[in-house]
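> Everything below, folded, please.
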Amino acid sequence: MFRLLTVGDGDLSFSLAIKRAYPQISVTASTLVKSHNELCRTYASAIETSKEFQEVWNEQIIYGVDSTKLEDTIHCNTEETKFDIICFNHPHLGDATLLQSEAKHAENHYALLSHYFHSAKKLIKTNGGRIHLCLCGNQPKSWKIMTAAETNNGLQCMKQENTSVPINKWLFNKLEEEDRYDLAEVQSHYKTKRKYRNGSLGSKHFLARYGYRHQRTEGDLFDGSVKHINVEQSINFVFEVCKEDSAKEKESVVEGKYKCSICKLKFNTSEELQAHLNAPGLPDIVTGAYEDKKNIKSSSKEKSRPDQTNETTKNEKKKQPIPPSSFKQSIDRDDASILVETTVSSTFDGKRIKWLCRQQGFSTFSQYIKSKSQCEEAIKKGRIFVNRQVALDSSRIVVEGDIVSLVKEYQPPKDTVHTANDDSIIDNHGVKMVREIFSKYDLGNTLIVAYKPVGIRCVGSFSPNTLEMIVQKQVSSSLGNININCHPVSKIDTGCSGLCVLAVSGVLKVDTMALNNSLKVLYTFTALVHGHPPEVWKRGVYVQVPTEGLRQWKRQKTTQQESRDTHDVDSVPSSITTSSTALDLNDALFIQCHDSITVEGEQKISTLTIQSRFDDGRLSNVISYVLRKLTYPVVNDRFSKREYSALPRRMKNIIKQKVCIGCYQLNIEYEGESTIVKIDIHKRTKCSFWRKDGNLAG
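Numbering: from 1, shown residues only. Alright, predicted model coming up:
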């Protein structure tokens, strides 16, 4: 009989779902919690799942199983007692190491994977045994799954499958066995909540119809936690042993440091190495309901962080918290002012941001944040800081001595070129009047240059919140003339911020023919893109604007597969090419690379400026499309999610949902005279901003 072992299954929904789907195979479930009572206290749903798993299907649950030391509690003395496959879905140690750095967080999980593979090899069958792991997002790359499996443990990746693929396509080790086991009929009581079946938590899973809750959870009774965490882009990895592991089973000294023979991490002393070997991957979250939660939390954290140097540093930090005065000076936020700032007391030690900010006893935060959704919104906008750094997410844990600050919401950058009368500058829905240009021939048309934030549509009288109607209303109000008419010259996309030109007139209708003959606008966009363009881009290259199907890009399908990992000119479609020969910017783009950096050693980003007079609508969309086809997509372009997911987590939390492109300069030729209007370039589009952060720049 095919034997399967599940590791770290939480509420046992995965183990039960496999058994329901394939009753012919033997499924053994294992969990880190110490007893059945603790399992049921941690996961309320485990009461029913464990009962059916054991009583209806007569399968075994093994408690107190460490995924890095499976052999300590699961004994396979003969080949018959070993397993055909061992499965581990979404291993995670918690988020406490993010208090140190994202690199440390990734390193700890890399060690977890290495030791899991090393231990699992001892329990799989010699002939055809397999080891499974399911990760999501950028975890396979940042946690170095291939190094942990192939380099450290002599494993070979046999399959990579999406979680929506039927499980027999990757579960069984022989092609002829894929159809050997019949898929059981789905019973009415199998189905779980819709959010687990429709992919709203990040990814769809084939076993959801059999009751599997595809997620990462920290338990029903975890105090202040986020219980449901998205698992976007989940991938199943299946490995087989391809060669003998040559790693020595004893410690070795390398260049004065002690190195783990399994994960290859180095330590300063033999004591630190031994502490690592004793607990290479225990979670830093509490997985049960205890009478003395605080003591258990402290114990769990100590086990998961054996490095005594780091622990000493943290204790010193508690005794000598950072003074508020120096903290204020270090916040890197344009025009930010602190609304409230306080030091975490022992009462709130170990609490999470989402819970903490709403508590009446925690300073005056609750005056500004009254619900979980408001806290999440403040974090998305980068308004909450912990010890000088913007909070990464709402599940951030704070400890005694941490300084938490709430700042005012960020406003669009102030313009660097002011109107002749500064009192006329108007702010409405984030729209700013930047410049007013009068007609020297008194033809009735006056140009208004306005800053448009993301989310405002340029054209339209169907809503009072379009740029056209906002400007018309404000000009009418300032002049006391209700007959003002407004004509938007620029048609920048709703999702892009930047400068726009509008013509206003006191007559019934703007003379668009006279306007077109007397007005030319050169738009200059700044964009942060993935990759390092060729050296020739520093001097500047020209690209002809595509003339076909500009509004049909989403529906078009290219016949040639584009490279996502390398920026190879051969992968660019023949219809979009760069040229050093100057082209007419009325229907072309001039692209120039100004700066490039590498973040966290691998991901490359660059700052580009793009100039064009083309404006038949959606100019930023045209630019994004061209750059995407040239294999340098704009950061956070909605069609380049895979490239975006590979960026460091801290960088993504600062960028949030903002696409990194905007129009920050206009060269206007109106009635024979030239005017340059520009505003400050947003920091997220500049490599210099990311270079300042030592945790990002390589």
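> Residue 536 reaches residue 579, doesn't it?
No - if you go by CB atoms under 8 Å, residue 536 and residue 579 don't touch, sitting 10.2 Å apart. (Glycine included, C-beta is placed from N, CA and C.)
> Report the rounded mean pLDDT for stretch 640-647.
Averaging pLDDT along stretch 640-647 gives 84.
> my bad, stretch 376-388
80.
> likewise stretch 583-593?
If you average the per-residue pLDDT over stretch 583-593, you get 92.
> Helices along the stretch 351-500 of the chain, start to end?
In the stretch 351-500 of the chain, the helices defined using DSSP state H, counting those that start in this stretch lie at 353-356, 372-380, 467-479.
> Among those, which comes closest to residue 114?
Shortest separation from residue 114 across those is recorded for helix 353-356, at 31.1 Å, computed as CB to CB.
> Next, the residues that contact the closest one from outside, please.
With contact meaning CB atoms under 8 Å, 6 or more residues apart in numbering, helix 353-356 is reached by 223-224, 226, 344, 348, 362, 365, 372, 375-376, 379, 384, 386, 391, 393-396, 398, 404.
> could you redo the last one with a cut-off of 10 Å?
When contacts are defined by CB atoms under 10 Å, 6 or more residues apart in numbering, helix 353-356 is touched by residues 223-226, 344, 348, 362-363, 365-366, 369, 371-376, 378-379, 384, 386, 391-398, 404.
> so which of the helices of the stretch 351-500 of the chain is the most packed in?
helix 353-356 (a mean of 22; mean count of other CB atoms under 10 Å).
> Show me how far that one is from its chain's centre.
Taking CA atoms, centre = their mean, to the nearest Å, the mean C-alpha location of helix 353-356 is offset from the chain mean by 21 Å.
> Also stretch 611-628?
On the basis of CA atoms, centre = their mean, stretch 611-628 sits 26 Å off its chain's mean C-alpha point.
> now residue 23: how far from residue 62?
Between residue 23 and residue 62 the distance, using CB to CB, to the nearest Å, works out to 21 Å.
> State the mean pLDDT of stretch 270-277.
Within the predicted structure, the mean pLDDT of stretch 270-277 is 88.
> And for residue 590, the neighbour number?
Look at residue 590: counted by other CB atoms under 10 Å, it has 17 neighbours.
> looking at it, residue 122 is touching residue 115, isn't it?
No - applying CB atoms under 10 Å as the test, residue 122 and residue 115 come out as separate, 11.6 Å apart.
> Touching both of the two, which residues are there?
Joint contacts of residue 122 and residue 115 (CB under 10 Å, 6+ apart) are 69, 70.
> neighbour-wise, which of these two wins?
It is residue 115, of residue 122 and residue 115, that has more neighbours when counted by other CB under 10 Å, with 26 against 12.
> What count of nearby residues applies to the residue nearest to that one when sequence neighbours are not counted?
Once flanking residues are discounted, residue 115 sits nearest to residue 68: 3.7 Å by CB to CB, 6 or more residues apart in numbering. Burial measure for residue 68: 24 neighbouring residues, criterion other CB under 10 Å.
> surely residue 68 meets residue 108?
No - with contact defined as CB under 10 Å, residue 68 and residue 108 do not form a contacting pair (11.5 Å).
> Overlap of the contact sets of these two?
In the contact map built from CB under 10 Å, 6+ apart, the residues linked to both residue 68 and residue 108 are 280, 281.
> What distance do you get for residue 45 to residue 16?
Remark: distance between residue 45 and residue 16 (CB to CB) = 10 Å.
> same check, this time on residue 500
The span separating residue 500 from residue 16 equals 57 Å under the rule CB to CB.
> cool, residue 280 as well?
Here the distance between residue 280 and residue 16 works out to 29 Å (CB to CB).
> Compare those two (neighbour count), which wins?
The neighbour count for residue 280 versus residue 16, taken as other CB under 10 Å, is higher for residue 16 (30 against 25).
> Confirm the more buried one sits in a helix?
Yes - assignment of residue 16 by DSSP: H, G, I helix; E, B strand; the rest coil places it within a helix.
> mind listing the strands for the stretch 151-300 of the chain?
Assigned by DSSP state E, counting those that start in this stretch, the stretch 151-300 of the chain shows strands spanning 155-162, 235-241, 252-254, 257-259, 266-267.
> Would you single out the least confident of these?
Here the strands of the stretch 151-300 of the chain differ in mean pLDDT, and the lowest is strand 252-254 at a mean of 54.
> where does residue 520 land in three-state SS?
Applying three-state DSSP: residue 520 is strand.
> Return the set of residues that bridge with it.
Note on residue 520: beta-bridge partners residue 669, judged by DSSP bridges.
> quick one: it and residue 586 touch, right?
Yes - Residue 520 sits in contact with residue 586 when judged by CB under 10 Å, with a separation of 8.7 Å.
> shared neighbours of the two, which are they?
residue 613.
> What is the longest helix of the chain by residue count?
Among all segments of the chain classified by DSSP state H, the helix with the greatest residue count is helix 102-120.
> What's the first helix or strand after the helix or strand bottoming out on mean pLDDT in the chain?
Each helix and strand of the chain was given a mean pLDDT (mean pLDDT, DSSP states H and E); the minimum falls on helix 324-330 at a mean of 35. Once the chain leaves helix 324-330, the next helix or strand it forms, by DSSP states H and E, is strand 338-343.
> What pairs with that following strand, parallel or antiparallel?
Applying DSSP bridges, one finds strand 338-343 paired with strand 403-407 (antiparallel).
> what's the angle from the strand it pairs with to helix 372-380?
Orientation note: strand 403-407 sits at an angle of 90 degrees relative to helix 372-380 (axes from the mean of the first three to the mean of the last three CA atoms, to 10 degrees).
> Make sure the residue nearest to residue 115 is indeed in a helix.
No - Residue 68: not assigned to a helix; according to three-state DSSP it is coil.
> re earlier: show me what counts as buried in the longest helix of the chain.
Of the residues in helix 102-120, those buried by neighbour count under the rule 16 or more other CB atoms under 10 Å are 102, 105-120.
> Next: stretch 150-168.
In stretch 150-168, the ones that count as buried by 16+ other CB under 10 Å are 150, 152, 153, 154, 155, 159, 161, 163, 167, 168.
> Could you work out the end-to-end span of it for me?
Looking at stretch 150-168, the gap from its leading to its trailing residue is 24 Å under the measure CA to CA, to the nearest Å.
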